[in-house]
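here are the coordinates; sequence isn't available:
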């Protein structure tokens, strides 16, 4: 069974999808089951450039040291989720852009980001 907002990736073609409605079936792409991505939350040197950090109530950046944003290694998107789960904001990024996101006002407590090399990472407002 899928759960709302889970993220899956096809290991064959690279498609990434996010569940918008829970269901019973298995997600399949290119004839094979898609892989559920579980976000990393490491707070050590591995996560130094990957864990999303809430700078204040209105912005998030990727990493305590900003993540590189070069053609071969960059953050594809940042997503924030409100504490009650009713609001989700997503920002898609390209190489050369800052790995940051303005989220305006709201009670956002969780952020995830997807690195094209190192996968999905999560940070929580402390």
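Okay, I see it. A quick note: this is a predicted structure, and the numbers were derived from the prediction, not measured.

tell me where this protein has strands.
Using DSSP state E, the strands of the chain run over residues 7-9, 16-18, 28-29, 32-33, 35-37, 52-56, 59-62, 75-82, 88-92, 100-102, 108-115, 119-124.

what lies in contact with the first one?
The one in question is strand 7-9. Contact with strand 7-9 is made by 2, 15-19, 27, 34-37, 112, 114, 120, as judged by Cβ atoms under 8 Å, 6 or more residues apart in numbering. Using the backbone N, CA and C atoms, a C-beta is placed for each residue, glycine as well.

partner strands of that strand and their direction?
When pairing is defined by DSSP bridges, strand 7-9 lines up against strand 16-18 (antiparallel), strand 35-37 (antiparallel).

only the buried residues of the last one, if you could.
Residues of strand 35-37 classed as buried under the neighbour-count rule (16 or more other Cβ atoms under 10 Å) are residue 37.

hang on, the earlier thing: would you turn the strands paired with strand 7-9 into JSON lines with distance to residue 99 and mean pLDDT?
Shown next, in JSON lines, are the strands paired with strand 7-9 (distance: least, Cβ to Cβ, whole Å; pLDDT from 0 to 100):
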{"stretch": "strand 16-18", "distance to residue 99": "17", "mean pLDDT": "97"}
{"stretch": "strand 35-37", "distance to residue 99": "18", "mean pLDDT": "97"}
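
out of those, flag the one nearest residue 63.
Residue 63 sits nearest to strand 35-37 of all the strands paired with strand 7-9, at 18.7 Å, using Cβ to Cβ.

give me the residues contacting the closest one.
Residues contacting strand 35-37 (Cβ under 8 Å, 6+ apart): 6-11, 16, 114, 119-120.

distance of the closest residue to residue 119 other than its chain neighbours relative to residue 25?
Closest residue in space to residue 119, ignoring its immediate chain neighbours: residue 37 at 6.4 Å, by Cβ to Cβ, 6 or more residues apart in numbering. According to Cβ to Cβ, to the nearest Å, residue 37 stands 18 Å off from residue 25.

could you do residue 60 as well?
33 Å.

these two - which one has more neighbours?
A count of neighbours by other Cβ atoms under 10 Å puts residue 60 above the other of residue 60 and residue 25, at 25 against 7.

my guess is the more buried one contacts residue 77. True?
No - look at residue 60 against residue 77 with Cβ atoms under 8 Å: they stay out of range, at 11.7 Å.
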